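Enquirer: fold the stuff below for me.
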Amino acid sequence: MTGRIRFLDTRPLRRSRPFRDLWIGTSASQLGGQIATVAVLAQVWDLTGSPVGTGAIGLATGLPMVLFGLLGGTLADTFDRRAVVRVTTAGQLVAAAGLCAQAMAGNRSVILLLTLVAVATSCSALGAPARRILPVRLLPSDQVAAGLALMNVSFQAAMLAGPAMAGLIIARWELPAAYAAQAIATAVAALSLIRLPAMRPEGADTGVRRRAERGGWRVLRRPTLWGSMATDLSATLLAMPIALFPLINELRFGGNPQTLGLFLSAVAVGGITAGLLSGTVTRWRRSGLVQLSAAAVWGLALACFGLAGPLWLALVCLAVAGAADTVSVITRGALIQLETPDAFRGRVSSAEHVIGVAGPELGNFRGGLLASATSASFSLVFGGLSAVLAIAAVAVTNAPLRAYRTPSPAAKPTTPQVAEAAAAPG
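Expert: Purely as a prediction, here's the structure:
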């Protein structure tokens, strides 16, 4: 490590045309997804006028994410990853066209709307594990973290710009135009996959591959893998703050909706800033130590947010938390993909995906329950410090994760390593 500050590492975009195509398509898809999220929320509220109705959106998206995300991992370890992503993206395009059509037809059935949302989410979940593998197959190992940082920056930018764009589109051209924008963005994502190379799982036609299939999910026993996922789960399950934002805003800042928006924006601004400066950390090879440190900073920042009085201090704490989360996400993603033998990447990616989806949702639920029994401040402080302690426990008990170093560009998992991973007790 050096003390030099580096901006976003753009080598993957400059040196890999396939990755550049993937990044453009993924960025378009993420922007379209954010626009569609606001459109669906607005339409469900218009149809039901009930928080129960808008809450049902979470059910229509959360269940398919978990159920089909795990199935997608098996698909990604069985078939060509490019083919899986192409087919599932085509399914998302069909669902996007359906959403646009129902809005143009003046649909008044919330069940039809949520069914289309569930179909789109199911296709996304089936393709998510395969899509997570693409950067590590397209880039040399020393650029994987940089590629994931670029993906994260586009996601954070979509979170900032997408809802604002959706509001403008709906206000001027109404719901069909918002869904049309999503459909166009999904079409761009589909076109971006045309020039990608085939990416069958390595060793797909060998006896080693058959042994890998029998090994199944046991690869998750590797200390570096379970430790990295446990670190992420500790951070999100114990310290997720989003559900407490309205209550904190009401108690400390008079319930001003602009302040509530600033909370969310502060997290995104911190994330984007860390992404733009991510060249500093993506070149560090001690990925495990970086992830552990960043996750601990996340917990501490949110504990401080629970105690912050002035608005400026609260926003600074949230920005620090957002920056730490971005660093943790980038380093975790690179570590997991590089440490996993290719024959298992689909299943491991699906486990990472499910943890990434379920952890924040359960963490928000936990935070709300604890706040209702105590107070919002206590929930935030206790949750943040509990996350730090849990992460410290992982660090103390998992020496391989603490010592993990990103492999050199020439290093690749060998066939014997694949077989060993299937049988390793961890």
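Enquirer: which ones are touching residue 318?
Expert: Contacts of residue 318 were listed using Cβ atoms under 8 Å, 6 or more residues apart in numbering, and they are 241, 263, 266, 267, 270, 301, 305. All C-beta spots, glycine's among them, are computed from the backbone N, C-alpha and C.
Enquirer: mind checking pLDDT for it?
Expert: Reading off the confidence values, residue 318 has pLDDT 94.
Enquirer: before we move on, what about residue 138?
Expert: So residue 138 comes in at 90 (pLDDT).
Enquirer: now swap in residue 257 and tell me
Expert: Confidence score, pLDDT, at residue 257: 64.
Enquirer: nearest residue to the middle of this structure?
Expert: Centroid-nearest residue in the chain: residue 356, 6.0 Å away (criterion: Cα atoms, centre = their mean).
Enquirer: residue 229 is in contact with that one, correct?
Expert: No - if you go by Cβ atoms under 8 Å, residue 356 and residue 229 don't touch, sitting 9.3 Å apart.
Enquirer: so where is this protein shaky, pLDDT-wise?
Expert: The chain contains residues with pLDDT under 70 at 1-6, 51-52, 55, 203-217, 257, 261, 280, 282, 408-426.
Enquirer: let's see it at 50
Expert: 1-2, 206-208, 412-426 (pLDDT under 50).
Enquirer: what residues of the lengthiest helix in it count as buried?
Expert: Longest helix in the chain, counting residues (DSSP state H): helix 17-48. Neighbour-count burial for helix 17-48 flags 18-40, 42-44, 47 (criterion: 16 or more other Cβ atoms under 10 Å).
Enquirer: now stretch 164-182, how far from the centre of its chain.
Expert: 25 Å (Cα atoms, centre = their mean, to the nearest Å).
Enquirer: who's in contact with that stretch?
Expert: Residues contacting stretch 164-182 (Cβ under 8 Å, 6+ apart): 31-39, 42-43, 96, 99-100, 103-104.
Enquirer: ok, now with 10 Å
Expert: 28-29, 31-43, 46, 92-93, 95-107, 116, 120, 158, 162 (Cβ atoms under 10 Å, 6 or more residues apart in numbering).
Enquirer: host element of residue 263?
Expert: Using DSSP states H and E, residue 263 maps to helix 257-276.
Enquirer: all helices for the stretch 101-250 of the chain, in order.
Expert: Per DSSP state H, counting those that start in this stretch, the stretch 101-250 of the chain carries helices over the ranges 110-138, 144-173, 175-191, 207-215, 223-239, 245-253.
Enquirer: can you redo these as TSV with distance to residue 67?
Expert: Shown next, in TSV, are those (distance: least, Cβ to Cβ, whole Å):
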stretch	distance to residue 67
helix 110-138	8
helix 144-173	23
helix 175-191	22
helix 207-215	21
helix 223-239	19
helix 245-253	29
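Enquirer: wait, which of those is closest to residue 364?
Expert: helix 223-239 (9.0 Å; Cβ to Cβ).
Enquirer: buried ones in the closest one?
Expert: Under 16+ other Cβ under 10 Å, the buried positions of helix 223-239 are 223-239.
Enquirer: same question, stretch 245-263
Expert: Under 16+ other Cβ under 10 Å, the buried positions of stretch 245-263 are 245, 247, 248, 249, 252, 259, 260, 262, 263.
Enquirer: and the first one, how far is that from residue 174?
Expert: So that's residue 245. Distance of residue 245 to residue 174, given as Cβ to Cβ, to the nearest Å: 29 Å.
Enquirer: likewise for the last one?
Expert: Applying Cβ to Cβ, one obtains 29 Å for the distance of residue 263 from residue 174.
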